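>>> with the sequence up front, the predicted model follows.
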Amino acid sequence: MKPSPFPRPLLAALQDRTEPVTVWGAGFIGLSAACALAQAGFPCTVLDIDEHRVGEINAGVVPLPGFEDVIPLADARSGGRLRAATPDDTAAVAARAHLVCVNTDRDGRPVTGPLTEVLSAIGRARTGDETLIALESTISLRWLDELVPAALDTDPANETTLHLAAAPRRDWMLSPQMNLRTLPRVLGTARPESLPVARELYDAISDVVHPAPDWRHAGLTKPVENLYRYVDLVLTNQLAQAYPGLDVPEVLRLAGTKWNVPTFHPSIGIGGYCIPLSPHFATDGTARDIPLPLVDSAMAWDTDHPARVAESILAITDGPIGILGLSYAANARIVEGSPTRRLTEHLLARGADVRLHDPYFTPEEITALTGARPLKWPDDLGGLATLIAATPHDLYADLPDRLTALDNPPTVVDNLGGYGTALRDTAVRYAEWGTPAARPSAAPRP
């Protein structure tokens with residue numbers, strides 16, 4: 001190894017905020033972490049393979065539509081402590097403190113390529129001095145046991161100058177109140193001696209840090225907490241399927257009046273980065289030959305859910321189908337885990353005429369991502385037989401007024417029920433998902 005140019009202990013340099021930190025990945029998780037670190041006083045470089053994204057960050061532009069008011073980029077850059085670069089920035093790659101925030105999923109499945117590439121680059125650049133590597137990406141325990149040592153070409157348990165940590169992110173991306181500062185952070189390290197070093201970094205950007213027994217316990221925390229929600233959501237959709245003659249959203253609302261029962265709503269699909277992926281990460285790390293049968297069953301049922309939704313939609317329409325919203329979350333550009341995308345695939349496979357609109361995607365992107373024709377908002381509403389209100393973007397806030405003004409409005413299938421108050425007493429045919437109106441062929445049980 002090369003002689004170390006870093007004479008100071010890493011802990012001391014973190015304590016006085018003089019230690020540069022490299023963040024890998026300039027998506028929401030990485031960029032928000034980099035901003036928090038810069039605001040806490042650390043010199044910070046965020047690395048990303050997307051040169052356009054790097055240029056926008058350095059120009060002071062948040063490159064993530066919908067997150068401009070959530071990520072404090074301007075404040076982070078004001079002191080000159082934050083910059084962006086591509087992974088060929090040798091100084092940033094050779095830093096002693098790293099946060100790894102790269103994607104570990106693609107097309108709804110865990111992938112190891114980006115994480116392997118980042119860890120291998122860090123391993124090659126190490127000089128022999130202390131190095132902190134904190135994994136904020138979602139991981140499986142098998143990766144900690146196999147992938148990380150192989151990529152770094154070292155044994156984490158015996159490498160005294162290597163501080164490995166798992167610190168999964170759990171903030172809700174679209175809420176300024178639920179972020180990495182306010183939400184408790186779970187932190188675990190491969191060796192007990194590394195915990196003070198890692199905690200020095202995270203205490204600077206998180207109000208509450210919960211130390212885990214080790215990094216395996218910390219790493220499993222995120223898949224498990226999302227798995228709870230995944231199983232609950234699958235059950236919610238199963239109830240809507242099993243009781244087609246009942247207003248299941250109302251049943252769930254009433255059940256939610258009990259102090260320890262959360263309120264869920266049936267939906268056209270479970271979307272997002274984390275929740276649909278949680279069972280894959282959780283089952284990947286189980287002990288050999290010990291299954292999670294409840295999780296396996298939920299995954300199998302959920303895989304077929306878009307097909308069932310498509311059949312229900314086709315049962316109440318005899319013409320063009322419009323869908324509002326490709327992104328899984330309102331007022332953001334997030335196509336990963338999009339329920340609309342899966343539903344559109346099944347509708348098109350059954351010969352339906354599907355037209356789709358989302359203000360965060362161009363018409364060309366919509367066709368490329370889904371195969372559907374673009375829907376011109378709001379001009380094309382009058383030519384539809386059925387309209388699926390999938391994602392409640394703010395742009396669609398006046399949807400009820402636009403529909404009631406039409407001579408022959410389409411039947412509305414409301415994914416989450418948000419338009420019900422405005423539409424139920426109008427001439428618009430309205431079906432909240434999970435109610436009998438969305439399954440007209442199903443007779444109520446006696």
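Yes, it's here. Small disclaimer: the values here were computed from a predicted structure and weren't measured. Numbering: from 1, shown residues only.
>>> from now on I want contacts and neighbour counts done on CA atoms only, so please keep to that.
OK.
>>> in the stretch 251-400 of the chain, which spans are helices?
With helices called from DSSP state H, counting those that start in this stretch, the stretch 251-400 of the chain shows them at 278-284, 293-303, 305-314, 339-349, 363-370, 399-404.
>>> helices and strands around the strand or helix carrying Ala38, which ones?
Assigned by DSSP states H and E, Ala38 belongs to helix 28-39. Counting contacts by 3 or more CA pairs under 8 Å, 6 or more residues apart in numbering; DSSP states H and E, helix 28-39 packs against strand 21-24, strand 44-47, helix 73-77, strand 82-85.
>>> show me how this protein divides into domains.
10-213, 223-302, 305-438 (automatic domain parsing).
>>> re earlier: tell me the most buried of the helices of the stretch 251-400 of the chain?
Greatest average neighbour count among these goes to helix 278-284 (a mean of 22), per mean count of other CA atoms under 10 Å.
>>> starting at the chain centroid, how far to that one?
15 Å (CA atoms, centre = their mean, to the nearest Å).
>>> read off the pLDDT value for the closest residue to Ala167 other than its chain neighbours.
Nearest residue to Ala167 in three dimensions, chain neighbours excluded: Leu187, at 4.7 Å (CA to CA, 6 or more residues apart in numbering). Reported pLDDT at Leu187 in the predicted model: 98.
>>> paired strands for whichever strand or helix holds Leu187, with orientation please.
Per DSSP H and E: Leu187 is located in strand 185-189. Sheet pairing of strand 185-189 (DSSP bridges) gives strand 162-166 (antiparallel), strand 209-211 (parallel).
>>> can you list contacts of the last one?
With contact meaning CA atoms under 8 Å, 6 or more residues apart in numbering, strand 209-211 is reached by 184-188, 195, 199, 202-203.
>>> what is the burial count for Met264?
Slight slip there: residue 264 is Phe, not Met. Using other CA atoms under 10 Å, Phe264 has 18 other residues around it.
>>> what about it, distance to Val309?
Phe264 sits 18 Å away from Val309 when distances are taken as CA to CA, to the nearest Å.
>>> returning to that earlier point: which residues does the residue nearest to Ala167 bridge with?
Pro211.
>>> I'd say it and Ala166 touch.
Yes. Leu187 is within contact range of Ala166, at 5.9 Å (criterion: CA atoms under 8 Å).
>>> what do the two both touch?
215, 218.
>>> so how far is the first residue of stretch 190-206 from its last?
First-to-last distance for stretch 190-206 - CA to CA - comes to 21 Å.
>>> buried sites along that stretch?
190-191, 194-195, 197-202, 204-206 (16 or more other CA atoms under 10 Å).
>>> what do you get for stretch 77-86?
With the criterion 16+ other CA under 10 Å, stretch 77-86 contains buried residues 77, 81-86.
>>> equivalent analysis for stretch 232-246, please.
For stretch 232-246, using 16+ other CA under 10 Å, the buried residues are 232-241, 243-246.
>>> show me which pair in the residues you listed is furthest apart.
Asp232 and Gly245 (21.1 Å; CA to CA).
>>> straight-line length of stretch 163-179, end to end?
25 Å.
>>> what's the mean pLDDT across it?
pLDDT averaged over stretch 163-179 gives 82.
>>> how far does that stretch sit from the chain's center?
Chain-centre distance of stretch 163-179: 11 Å, with CA atoms, centre = their mean.
>>> contact partners of the helix holding Ala38?
Contacts of helix 28-39 (CA under 8 Å, 6+ apart): 21, 23-25, 43-46, 64, 67, 71-73, 75-77, 81-82, 99-102, 169, 173, 180, 204-205.
>>> next: stretch 332-339.
Against stretch 332-339 from outside (CA under 8 Å, 6+ apart): 64-67, 107-108, 268-273, 276, 306, 326-328, 341, 360-361.
>>> how far away is the residue lying closest to Asn237 once chain neighbours are set aside from Asn331?
Nearest non-adjacent residue to Asn237, counting by CA to CA, 6+ apart: Pro266, 5.0 Å away. Look at Pro266 and Asn331: by CA to CA, they are 21 Å apart.
>>> then Glu68?
Taking CA to CA, one finds Glu68 at 11 Å from Asn331.
>>> give me the more crowded residue out of the two.
Taking other CA under 10 Å, Glu68 and Asn331 do not tie; Asn331 has more neighbours (20 against 13).
>>> not counting sequence-adjacent ones, nearest residue to the more buried one?
Using CA to CA, 6+ apart and skipping residues adjacent in sequence, the residue nearest Asn331 is His393, 5.0 Å away.
>>> quickly note the distance from the one you found to Glu136.
From His393 over to Glu136 (counting by CA to CA), the distance is 29 Å.
>>> next: His265.
30 Å.
>>> neighbour-wise, which of these two wins?
Glu136 (24 against 19).
>>> got the contact list for the more buried one?
99-101, 166-169.
>>> could you do Leu406 as well?
Gly382.
>>> now do His280
By CA under 8 Å, 6+ apart, the neighbours of His280 are 109-110.
>>> can you get me a residue count around the residue lying closest to Glu136 once chain neighbours are set aside?
Nearest residue to Glu136, sequence neighbours excluded (CA to CA, 6+ apart): Pro168, at 4.5 Å. Other residues within reach of Pro168, judged by other CA under 10 Å, total 23.
>>> what does the one 10 residues further on give?
Met178 has 14 neighbours, counted by other CA under 10 Å.
>>> distance check, it against Asn158.
Taken as CA to CA, the span from Met178 to Asn158 is 37 Å.
>>> and the residue nearest the centre of this structure?
Tyr273 (2.7 Å; CA atoms, centre = their mean).
>>> what sits against it?
Here Tyr273 is in contact with 336-337 (criterion: CA under 8 Å, 6+ apart).
>>> pLDDT wise, what is it at?
79.
>>> backbone phi and psi for it, please?
The phi/psi pair for Tyr273 (degrees, to the nearest 10) reads phi -80, psi -40.
>>> next one: Pro192
phi -60, psi -30.
>>> what is the burial count for Pro9?
Pro9: 11 neighbours (other CA under 10 Å).
>>> ok, Pro110 to His280 distance?
Taking CA to CA, one finds Pro110 at 7 Å from His280.
>>> pLDDT on stretch 346-363, on average?
Computed over stretch 346-363, the average pLDDT equals 97.
>>> report the distance from that stretch to the chain centre.
For stretch 346-363 - counting by CA atoms, centre = their mean - the centre lies 22 Å from the chain centre.
>>> now do the buried residues in it.
For stretch 346-363, the neighbour count (16+ other CA under 10 Å) marks 346-347, 352-361, 363 as buried.
>>> quick check: the two most widely separated of these?
It's Ala352 and Tyr360 that sit farthest apart of those, by CA to CA, at 23.9 Å.
>>> stretch 13-20: end-to-end distance?
First residue to last in stretch 13-20 (CA to CA) measures 9 Å.
>>> what does that stretch contact?
Residues contacting stretch 13-20 (CA under 8 Å, 6+ apart): 10, 40-45, 95-97, 197, 200-201.
>>> could you dump those to a markdown table with pLDDT?
Below are those laid out as a markdown table (pLDDT from 0 to 100):
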| residue | pLDDT |
| --- | --- |
| Leu10 | 95 |
| Ala40 | 94 |
| Gly41 | 94 |
| Phe42 | 96 |
| Pro43 | 96 |
| Cys44 | 97 |
| Thr45 | 97 |
| Ala95 | 96 |
| Arg96 | 96 |
| Ala97 | 97 |
| Val197 | 97 |
| Glu200 | 96 |
| Leu201 | 96 |
